[in-house]
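> Below is the structure, and that's it, no one-letter string:
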């Protein structure tokens, strides 16, 4: 159909072109023989621009369809990968800011930039991150994935993320990284974890909403990218932004808080943390119960709300909702009479 | 909706139908896995001398990166974490050179185990490549030990640089087996992930940016990379004999440092290199190559 259209346009244009050439024969004649005066110039347009938002939505649809075909084992292992990547970014951020002499805000920005490690590896290397996967809700609304499969997908990636994070917690603990700089690294990790399990429900929920809105925004802009450099540069700003602002990311907390629970038993680390905080610490909430009830539950709800409703549903509504074709024919109807 | 409208929007319709399509997007993970498989085949077919020469180059590049990292961080007295970050960022030099020039790095080559898992090369091919790369990396790193020693770069800042090298190496030879193994695993997972990300890249900017985070992470976090240790610890073994360097060590340490473990065979080979190589192999072959082979290259059983 499209080809017929193009031929039509060529036909329509031809007489115009010949008219032009006859008008300018005097100048053209000397250069070109008359037969070749109107060569068929096909203008080749290579589309290498960044994808427009409409195309981003279409690409997310396509990716959802691909993900729906993955076997469950693959989804789970890619979920483990994502957990490992985010935990790597989290431990990197902890180490870099552990004994920072910069003031608080700048330190937070540095932590955010190094934390991008995790998301870069997820986006470029391929992994199933639960928070980022909230965006495939767009594909669900377009019926590219069944309800059962999307729930399975989220469950499997969530469990995989948790397993992956715990693997890194065990390895980083066994690597005795907390001993660095006179136990400052361990102390910082403990303080971060303790802060996260002492949040009120509304604070944790709203921080989580903001967090996943920014993570899904990062995923959204990454789908606009053509190459890896594009992806990384577009990621840095939203991801560094949410980390520096101290928002609550479900999967990052799966590293931070278990690490704190591991470190709680180490007297040197607790002593260093109390020295760093300048007061005695109340670590009663830093338990597995505190992890799941005080932190993970509200953060899970907030992340899902921020990712699925505020980002997924909103972008679906803007770009992909079925267009209702209202044509107002009142004037014509009156004219008929 | 007349034809005229469609003619006006010719550019968009043409893009969908008749425009020649060139794929310039970053490679998707599935294609990255295929490309790694192909690279494995070409590495298996490479001749002995070519592989050896390229792996000597890789050893040289890593040693250059490591000495730069030592130079950048040796005068730090506070904010060690931020200094380590800067050290890691400059160390990325090594991997950038290796990836762009195609040198054979022992740790990075663990990724081509994907090719073996997929049945494209034999285990003999993989072992041959890794063993040649290991030997070549060692030779390359030792050659930089030679040049750096005679350049007297380690006398910088009143021998502080030499002192930093000795102290860093001494920490590395006093690790228990479990700690060295865990650090080796974390290190090579990150190296192989960095190289894995490079397989998605189209141009050099992509490659540099995708290497920057993983590689700076592994160096900043003090994980154990066996090829770096092949430069750092032999360098410290030589500098240990220098009186002025040892005085600087005492100044930095605030007292005499126990260097009993800083020996060639027991300390370097036994306490450091052996567990670190095992950890590197486990992290690279099982945790990265194995998982990505499972996800993207495995033939589903029928």
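Yep, it's here. None of the values given here were measured: they were computed from a predicted structure.
> Quick one: classify the most centrally placed residue in chain A as helix, strand or coil.
The residue lying closest to the centre of chain A (Cα atoms, centre = their mean) is residue A:219, at 2.6 Å. For residue A:219, the assignment made with DSSP: H, G, I helix; E, B strand; the rest coil gives helix.
> likewise residue B:299?
Assignment for residue B:299 (three-state DSSP): coil.
> Next, count neighbours for residue A:244.
As a burial measure, residue A:244 scores 18 neighbours (other Cβ atoms under 10 Å in any protein chain shown). C-beta here means a position set from N, CA and C on the backbone, and glycine is covered the same way.
> Residue B:256 now?
What residue B:256 shows, counting by other Cβ under 10 Å, is a neighbour count of 9.
> Spell out which residues of the stretch 151-300 of chain B are next to chain A.
Within the stretch 151-300 of chain B, the positions near chain A by Cβ under 8 Å from any Cβ of the partner chain are B:178-179, B:181-183, B:185-186, B:189-190, B:193, B:196-197, B:200-203, B:205-207, B:209-210, B:213-214, B:216-217, B:220-223, B:287, B:291-292, B:294-296, B:300.
> For residue A:196, see how far away the residue in the stretch 51-200 of chain A that chain B sits nearest to is.
Closest residue of the stretch 51-200 of chain A to chain B, Cβ to the nearest Cβ: residue A:126 (3.0 Å). Distance, residue A:126 to residue A:196, using Cβ to Cβ, to the nearest Å: 29 Å.
> Name the residue in those two with the higher neighbour count.
residue A:196 (25 against 21).
> Which parts of the stretch 151-300 of chain B are helices?
Ranges of helices within the stretch 151-300 of chain B are B:156-173, B:177-198, B:204-220, B:226-239, B:243-253, B:274-281, B:291-292, based on DSSP state H, counting those that start in this stretch.
> And the shortest one, how far out from the chain middle?
This means helix B:291-292. 19 Å (Cα atoms, centre = their mean, to the nearest Å).
> Just name whatever secondary elements that helix is in contact with.
helix A:72-97, helix B:29-45 (3 or more Cβ pairs under 8 Å, 6 or more residues apart in numbering or on different chains; DSSP states H and E).
> Pull out the buried positions in the next helix or strand after the longest one.
The helix or strand immediately downstream of helix A:72-97 is helix A:104-125, counting by DSSP states H and E. Neighbour counts over helix A:104-125 (16 or more other Cβ atoms under 10 Å in any protein chain shown) mark A:107-125 as buried.
> returning to that earlier point: list the contacts of the residue of the stretch 51-200 of chain A closest to chain B.
By Cβ atoms under 8 Å, 6 or more residues apart in numbering or on different chains, the contact set of residue A:126 is A:78, A:81, B:28-30, B:32, B:292, B:295-296.
> can you check residue A:71 too?
Taking Cβ under 8 Å, 6+ apart, one finds residue B:300 in contact with residue A:71.
> how close does it sit to residue A:85?
Where residue A:85 is concerned, residue A:71 sits at a distance of 21 Å (Cβ to Cβ).
> Show the average pLDDT along the host helix or strand of residue A:333.
Element membership for residue A:333 (DSSP H and E) is helix A:330-336. On average, the pLDDT along helix A:330-336 is 72.
> Equivalent analysis for stretch B:285-302, please.
86.
> Might you list the low-confidence residue ranges for the chain?
Using chain A. A:1-40, A:325-327, A:336-337 (pLDDT under 70).
> oops, I was thinking of chain B
In chain B (pLDDT under 70), the answer is B:1-21, B:301-302.
> chain center to the helix or strand containing residue A:152, what's the gap?
Counting by DSSP H and E, the element that carries residue A:152 is helix A:147-174. Offset of helix A:147-174 from its chain centre (Cα atoms, centre = their mean): 17 Å.
> right, and the helix or strand after that helix?
Past helix A:147-174, the next helix or strand by DSSP H and E is helix A:180-196.
> list the helices and strands that next one packs on?
helix A:72-97, helix A:250-264, helix A:267-277, helix B:80-101.
> can you give me the angle that helix makes with helix A:250-264?
120 degrees (axes from the mean of the first three to the mean of the last three Cα atoms, to 10 degrees).
> Return the set of buried residues in stretch B:140-156.
Those would be B:140-142, B:144-145, B:148-149, B:154, for stretch B:140-156 by 16+ other Cβ under 10 Å.
> returning to what we had before: redo the helices and strands packed on helix A:180-196 as CSV? Include mean neighbour count.
Formatted as CSV, the helices and strands packed on helix A:180-196 follow (neighbours: other Cβ atoms under 10 Å in any protein chain shown):
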stretch, mean neighbour count
helix A:72-97, 26
helix A:250-264, 25
helix A:267-277, 17
helix B:80-101, 22
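> who wins for proximity to residue A:184 among the ones you listed?
helix A:267-277 (6.3 Å; Cβ to Cβ).
> what does the closest one contact?
Taking Cβ under 8 Å, 6+ apart as the rule, helix A:267-277 contacts A:178, A:182-184, A:186-188, A:190-191, A:263-264, A:280-281, A:283.
> so which of those residues is the most crowded?
For the contacts of helix A:267-277, neighbours tallied by other Cβ under 10 Å; top is residue A:190, 31 neighbours.
> what's the nearest residue to that one if we skip its chain neighbours?
residue A:273 (4.4 Å; Cβ to Cβ, 6 or more residues apart in numbering or on different chains).
> Get me the contact residues on the stretch 101-250 of chain A for chain B.
A:101-102, A:110, A:114, A:116-117, A:120-121, A:124-126, A:168, A:171-172, A:174-177, A:180-181, A:184-185, A:225-233.
> From chain A, how far off is the closest residue to residue B:256 other than its chain neighbours?
Leaving out its chain neighbours, the residue that sits closest to residue B:256 by Cβ to Cβ, 6+ apart is residue B:250, at 5.7 Å. In this view, residue B:250 and chain A are 19 Å apart by Cβ to the nearest Cβ, to the nearest Å.
> what about residue B:250, neighbour count?
13.
> wait, doesn't it sit right on residue B:259?
No: shown here, residue B:250 and residue B:259 do not form a contact pair, counting by Cβ atoms under 8 Å, at 11.1 Å.
> Count the neighbours of whatever residue of the stretch 1-150 of chain B ends up closest to chain A for me.
The stretch 1-150 of chain B approaches chain A most closely through residue B:29 (3.0 Å), counting by Cβ to the nearest Cβ. Counted with other Cβ under 10 Å, the neighbours of residue B:29 add up to 18.
> Could you find the closest non-adjacent residue to it?
Nearest one to residue B:29, counting by Cβ to Cβ, 6+ apart, is residue A:126 at 3.0 Å.
> Repeat that for residue A:92.
residue B:217 (4.4 Å).
> show me the residues around the residue nearest the centre of chain B that make contact.
Here the mean C-alpha position of chain B is nearest to the C-alpha of residue B:191 (Cα atoms, centre = their mean), at a distance of 4.7 Å. Neighbour list for residue B:191: B:95, B:105, B:107-108, B:214-215, B:218, B:225, B:284 [criterion: Cβ under 8 Å, 6+ apart].
> with the residues you listed in mind, which one is nearest to residue A:142?
residue B:214 (34.6 Å).
> Any of the residues of the stretch 151-300 of chain B next to chain A buried? List them.
Using 16+ other Cβ under 10 Å, the buried ones in these are B:179, B:181-183, B:185-186, B:189-190, B:193, B:196-197, B:200-202, B:206-207, B:209-210, B:213-214, B:216-217, B:220-223, B:287, B:291-292, B:295-296.
> Does residue B:90 touch residue B:65 like I think?
Yes: contact criterion Cβ under 8 Å: residue B:90 and residue B:65 qualify, at 7.4 Å.
> Identify the contacts common to these two.
Joint contacts of residue B:90 and residue B:65 (Cβ under 8 Å, 6+ apart) do not exist.
> so which residue of the stretch 201-337 of chain A comes closest to chain B?
Taking Cβ to the nearest Cβ, the stretch 201-337 of chain A has residue A:228 as its residue nearest chain B, at 3.7 Å.
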